[in-house]
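[1] Got a predicted structure plus its sequence, pasted below:
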Amino acid sequence: MIQFNYTNLFKAKDPQITEEELKDTANLIAKYLENIKAKDQGFYEIVNEDPSGILEYAAQVKGQFDDIVILGIGGSALGNICLRDTLTHPFKASPRLRIIDNVDPYLIEKLDETLNYDRTLFIVISKSGGTPETLAQYMYFKEKTASENFVFITGKEGFLRETGEKENIKTFSVPENVGGRFSVLTAVGLLPAALIGIDIKNLLKGGQEMARKFLSEEFNTNLSFQFAAIQYLLNQKGVNINVMMPYTNRLKTFADWYSQLLAESIGKDGKGITPVSALGTTDQHSQVQLYNEGPRDKMIIFLEVENHESEIKIPDSDVNHEKINFLKNVQFAHLINAEKRATEGAITDYGKANMTFKIDKVNEKNLGGLFMAFEGATAFLGEFFQIDAFNQPGVELGKKLTKKYLEN
């Protein structure tokens, strides 16, 4: 269950937007949905596809590998990092999912030193089939092990597709109308998730439920539209920084995933919103001073978990002191949620924009819903800004210059 509460926007002293301004955007939903559908983007449709091929492969190789290594970058990596960190044990896992999302030579060399290649599966992910960083990683590791220890996830054309057919390497497809940063609920995320024991059917179920809300023309139902409208209206008042602050370590990398989605989708034509990742309670002691008493250019997006699925308590110590007595016998779950409410209250009192996405617990269904909610909001935000949320022309020059510098 996902709840979205933005009433603090209107409780603040001198609110930057009003409830009337927000509700006045409702007449744009139908138009913006029509525009998005006309772009033939499949991110909200792919959740209805049958995952049986992925599940069959995962069952076939179960128990064969100690390490699963993803070679990929950007949208090929960030969603998988989030899936792993959110839905698996933080300190032990079998098999281990390792994600190499850079060409840092130290990182690659040290991974090389730890792997038993006979017990390692490499998943190479590139929709274009020609991502230089990913191909560099693949070229390195292909010399270390047999082709049977590789799986490709790619588009219908390109180097990986050709190599997969030539060398009989198992290959899964990325739909042509789903961009990399929107691809976490395709094979890009579903295959690694299934291989490490994540329930991908429930992940998709959460995505399906939120996709239906995304396609609704009712303002009160369409959570994605509400969120996009708030972002846009605040941006017009000078709020151009989004701070995502989950109050659970399990969703910390969801904020990292959203950073790419927002920055690469909306940062165009001199427009955009800068994403910032924070973590409650950690960043109450490093960033909140700025958020409370700094400029009114930030919106804080809290992620709250109602049930942390742990009942551990702070012991009832025999030490009697006013500085610790209030902590005795308090559950850590109660403590972290109280700290969230306190931070939220302080930011509201300081007159700064904030809102909360609340889930009843961390599980596959809720994470799938969150992925879809934020993808849908990003699509709507592109319509508000009148830009194409699905391209990334500002990335291309860097790719061309990299090739030029390597060739010279």
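    Ah, there it is.
[2] Could you list the domains of the protein?
    Following automatic domain parsing, one finds the domains of the chain at 2-38+216-393, 46-202.
[3] Show me the shaky parts of this protein.
    319, 321-326, 328 (pLDDT under 70).
[4] That one: strands as residue ranges?
    2-5, 67-71, 96-100, 120-126, 150-154, 170-173, 241-246, 274-277, 298-307, 353-361 (DSSP state E).
[5] Verify the contact between residue 363 and residue 203 for me.
    No: using C-beta atoms under 8 Å, residue 363 is not in contact with residue 203; the gap is 9.2 Å. (C-beta placed from N, C-alpha, C; glycine too.)
[6] Of the two, which one has the most company?
    residue 203 (28 against 18; other C-beta atoms under 10 Å).
[7] My read is that that one contacts residue 185, right?
    Yes: the pair residue 203 / residue 185 is scored as a contact, 7.0 Å apart, by C-beta under 8 Å.
[8] Mutual contacts of those two, please.
    Any residue near both residue 203 and residue 185 by C-beta atoms under 8 Å, 6 or more residues apart in numbering counts here, and that gives residue 368.
[9] where do the helices sit along the stretch 151-300 of the chain?
    Using DSSP state H, counting those that start in this stretch, the helices assigned to the stretch 151-300 of the chain run over residues 159-167, 187-195, 200-214, 223-235, 252-266, 288-293.
[10] Kindly reformat these as JSON lines containing distance to residue 116.
    Formatted as JSON lines, the helices of the stretch 151-300 of the chain follow (distance: least, C-beta to C-beta, whole Å):
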{"stretch": "helix 159-167", "distance to residue 116": "22"}
{"stretch": "helix 187-195", "distance to residue 116": "17"}
{"stretch": "helix 200-214", "distance to residue 116": "27"}
{"stretch": "helix 223-235", "distance to residue 116": "44"}
{"stretch": "helix 252-266", "distance to residue 116": "26"}
{"stretch": "helix 288-293", "distance to residue 116": "45"}
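[11] Out of the domains of the chain, the one nearest residue 400 is which?
    Comparison of the domains of the chain against residue 400 by C-beta to C-beta identifies domain 46-202 as nearest, at 10.8 Å.
[12] ok, the closest residue to residue 226 other than its chain neighbours to residue 238 distance?
    Leaving aside its chain neighbours, residue 226 sits nearest to residue 4 (6.5 Å; criterion: C-beta to C-beta, 6 or more residues apart in numbering). Here residue 4 is placed at a distance of 23 Å from residue 238 (C-beta to C-beta, to the nearest Å).
[13] how close does residue 55 sit to residue 210?
    22 Å.
[14] Between these two, which has more neighbouring residues?
    Counted by other C-beta under 10 Å, residue 55 and residue 210 do not tie: residue 210 has more neighbours, with 26 against 15.
[15] Can you tell me, leaving aside adjacent residues, what's nearest to that one?
    residue 372 (3.8 Å).
[16] Would you agree that neighbour is in contact with residue 211?
    Yes: counting by C-beta under 8 Å, residue 372 touches residue 211, with 5.4 Å between them.
[17] Please convert the strands of the chain to TSV, extending it with mean neighbour count and distance to residue 143.
    Formatted as TSV, these follow (neighbours: other C-beta atoms under 10 Å; distance: least, C-beta to C-beta, whole Å):
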stretch	mean neighbour count	distance to residue 143
strand 2-5	15	45
strand 67-71	24	13
strand 96-100	19	15
strand 120-126	26	12
strand 150-154	26	12
strand 170-173	17	20
strand 241-246	24	40
strand 274-277	18	36
strand 298-307	21	42
strand 353-361	20	44
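[18] Mind putting these into TSV with distance to residue 29?
    TSV is the format used below for the strands of the chain (distance: least, C-beta to C-beta, whole Å):
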stretch	distance to residue 29
strand 2-5	15
strand 67-71	37
strand 96-100	37
strand 120-126	34
strand 150-154	34
strand 170-173	32
strand 241-246	21
strand 274-277	24
strand 298-307	21
strand 353-361	19
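[19] so which of these gets nearest residue 219?
    Among those, the nearest to residue 219 by C-beta to C-beta is strand 2-5 (12.1 Å).
[20] picking up where we left off before, do you know how far the residue nearest to residue 210 is from residue 49?
    14 Å.
[21] who has more neighbours, the two?
    Neighbours per residue, other C-beta under 10 Å: of residue 372 and residue 49, the larger number sits with residue 372, 29 against 16.
[22] Report the contact partners of the more buried one.
    By C-beta under 8 Å, 6+ apart, the residues touching residue 372 are 43, 44, 47, 185, 206, 207, 210, 211, 214, 224.
[23] Closest one of the residues you listed to residue 330?
    For these, the nearest to residue 330 is residue 206 (31.4 Å; C-beta to C-beta).
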